[in-house]
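Asks: Dropping a prediction and its sequence here:
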Amino acid sequence: MNKSPKKSTALWTGIVCGMASYIDAAIIVSWGIVLVIYQNVFSLDSAQFGTLSGVLTFCIAIGALCGGYLGDRFGRRSVFISMMITVVVSVTGMLVLPTYALMAIFTALVGLSSGAVLPVSLTTIAEASGDKQRGTLLGLSQILWLFGAIVPSVLSVIVGNNGLSGVKIILAHILVITVLVILGRIMIPESVAWKAANAARKEGSGGENTKNKKESLSLLFRAPYLIPLLALMIFYGLCNTAYNVFGQFGTYILVNVVKVDVSTASSAALVALPFALVGSMLFMKTVRGKRRNFYFFLGVIGTSVAILIPVVFGITFNNYLVTLAILFFANSFAGEAMMKVWSQESFPTLLRATGQGAVIAVGRFAAAAFAFVVPLIIVYNPALLFIIMAVICLAGGLTAWAAFRTTKSEGAILDEEAVRS
């Protein structure tokens with residue numbers, strides 16, 4: 001068990017590092033909106049649109065995989081700050097140099113850098129928190145992720161029909177937030193847990209703190225870590241594939257299938273915001289309780305049912321709104337927030353960011369692969385897309401529930417002394 005730090009310090013760390021989730025969501029949603037605008041301005045075809053969308057998600061996956069390992073190896077703080085600086089450079093490039101080739105380059109860079117920040121930011125929050133705070137602060141990161149998705153949508157409602165000037169406002173918002181987060185992170189020292197574990201590793205301690213990197217990494221593929229690792233990969237790999245469609249292609253679906261304009265399409269997420277906020281706040285309260293796995297199960301069922309609404313009642317703007325409202329609420333209990341909690345509780349310090357990075361990477365790789373074909377499926381049969389998403393969400397959610405249904409819910413991080421004994 002971790003000794004509880006000062007609540008104010010943990011909260012400040014939770015907010016600053018949680019903003020990495022805000023930026024992650026803001027990039028995904030903003031890119032979806034910006035590419036729709038660029039689709040008209042630069043005459044991008046469906047294949048080009050799908051390629052850019054796939055490159056973004058694919059590179060976020062690579063970034064998460066590499067960033068998690070680098071964070072465990074060299075520290076959470078240096079990786080966080082350097083990758084956030086790369087986000088600033090990438091968004092600036094996308095803002096001022098919008099040719100198709102350069103779009104691909106800067107999309108790749110922003111994906112790599114934002115992906116690399118995710119595992120180290122979440123691990124920093126977990127290691128800065130006491131056992132009673134951890135689930136709540138990780139839940140807070142999910143609320144910040146939600147606002148990262150909503151703010152670009154609000155901006156798009158206001159400026160989405162203004163062409164390139166609208167793009168500048170949407171991307172400038174990411175730049176400002178990222179710079180502020182960098183300044184905030186500079187004031188937060190390196191994780192105490194990582195410093196202690198790294199010192200033990202250098203001294204050649206046993207267990208996870210071996211000097212042999214390959215042997216250390218192989219621990220993730222042995223008991224007791226293998227089952228949670230595989231379960232989280234399957235859960236997040238399948239479910240994030242569906243969630244990514246709503247975040248990255250929501251505007252595309254509403255503009256190209258429902259035939260509404262960009263501003264109207266962007267307003268859909270705003271209608272669902274209250275449901276997401278209520279769900280996220282309830283999650284922060286229940287994640288420490290004994291019934292969190294039961295709520296997770298209900299969330300899995302609710303998510304799959306919500307996605308099928310457009311299939312049963314037709315793909316209209318109003319039906320899409322109902323789907324988002326239910327989906328946002330149910331996903332609060334059976335989505336990325338729960339993955340974050342289970343990941344922090346399942347792996348030891350020097351493998352924690354690596355383990356979570358691997359889980360995030362699988363989720364984003366799967367979403368990236370699917371993103372390449374989403375526009376083509378929409379052209380072929382939009383209803384088929386919703387059926388696929390519902391099925392994979394159900395399969396992924398039930399896999400995680402089966403693996404974690406008997407785990408305790410105190411929110412305790414892995415006791416490493418017990419691991420080494």
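Replies: On my side now, so go ahead.
Asks: Quick one: residues in contact with stretch 320-335.
Replies: Applying Cβ atoms under 8 Å, 6 or more residues apart in numbering, the external contacts of stretch 320-335 come out as 142, 146, 239, 243, 246, 250, 253-254, 258, 268-269, 271-273, 275-276, 278-280, 282-283, 286, 292, 295-303, 305-307, 309-310, 397. To be clear about C-beta, it is placed using only N, CA and C from the backbone, and glycine gets the same treatment.
Asks: Please work out the average pLDDT along that stretch.
Replies: Averaging pLDDT along stretch 320-335 yields 93.
Asks: do the same with stretch 116-124
Replies: The average pLDDT within stretch 116-124 is 92.
Asks: Residues contacting it, please?
Replies: Counting by Cβ under 8 Å, 6+ apart, 13, 17-18, 20-21, 23-24, 60, 63-64, 66-68, 70-71, 76-77, 79-80, 83-84, 87, 138, 141, 188, 191, 194, 340, 343-344, 352-354, 356-357, 360 sit against stretch 116-124.
Asks: again, 6 Å this time
Replies: 17, 20, 24, 63-64, 66-68, 71, 76, 79-80, 83, 191, 340, 352-353, 356-357, 360 (Cβ atoms under 6 Å, 6 or more residues apart in numbering).
Asks: In helices only, show me those.
Replies: Residues of these located in helices (DSSP state H): 17, 20, 24, 63-64, 66-68, 71, 76, 79-80, 83, 340, 352-353, 356-357, 360.
Asks: now the helices for the stretch 251-400 of the chain?
Replies: Using DSSP state H, counting those that start in this stretch, the helices of the stretch 251-400 of the chain run over 262-286, 292-313, 317-334, 336-346, 349-371, 374-380, 382-404.
Asks: burial of Y225, as a residue count?
Replies: By other Cβ atoms under 10 Å, 19 other residues sit near Y225.
Asks: Per-residue pLDDT of it, please?
Replies: As predicted, Y225 sits at a pLDDT of 88.
Asks: phi, psi of it?
Replies: Per-residue torsions, Y225: phi -90, psi -20 (degrees, to the nearest 10).
Asks: re earlier: in a markdown table: the helices of the stretch 251-400 of the chain, plus distance to V110 and mean neighbour count.
Replies: Below are these laid out as a markdown table (distance: least, Cβ to Cβ, whole Å; neighbours: other Cβ atoms under 10 Å):
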| stretch | distance to V110 | mean neighbour count |
| --- | --- | --- |
| helix 262-286 | 20 | 20 |
| helix 292-313 | 28 | 20 |
| helix 317-334 | 24 | 22 |
| helix 336-346 | 19 | 26 |
| helix 349-371 | 13 | 26 |
| helix 374-380 | 20 | 17 |
| helix 382-404 | 25 | 20 |
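Asks: could these be laid out in CSV, adding distance to S113?
Replies: Listed next are the helices of the stretch 251-400 of the chain as CSV, based on distance: least, Cβ to Cβ, whole Å:
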stretch, distance to S113
helix 262-286, 24
helix 292-313, 30
helix 317-334, 26
helix 336-346, 19
helix 349-371, 13
helix 374-380, 24
helix 382-404, 27
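Asks: For V176, find the nearest of the ones you listed.
Replies: The closest of the helices of the stretch 251-400 of the chain to V176 is helix 262-286. By Cβ to Cβ, the value is 19.6 Å.
Asks: how near is A101 to L171?
Replies: Using Cβ to Cβ, to the nearest Å, A101 is found at 18 Å from L171.
Asks: The two: which is more packed in?
Replies: Neighbours of A101 and L171, each counted by other Cβ under 10 Å, are more numerous for L171; the result is 22 against 8.
Asks: which stretches of the stretch 151-300 of the chain aren't confidently modelled?
Replies: Within the stretch 151-300 of the chain, the segments meeting pLDDT under 70 span 204-216.
Asks: For G335, grab phi and psi.
Replies: Reported as degrees, to the nearest 10, the phi and psi values for G335 are phi -130, psi -140.
Asks: number of nearby residues for it?
Replies: 28.
Asks: ok, K259 - how many residues close by?
Replies: As a burial measure, K259 scores 10 neighbours (other Cβ under 10 Å).
Asks: returning to that earlier point: restricted to buried residues, select the contacts of stretch 116-124 in ChimeraX.
Replies: In ChimeraX, a selection of the buried entries from the contacts of stretch 116-124 looks like this (16 or more other Cβ atoms under 10 Å):
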select :17,20,24,63,64,66,67,68,71,76,79,80,83,191,340,352,353,356,357,360
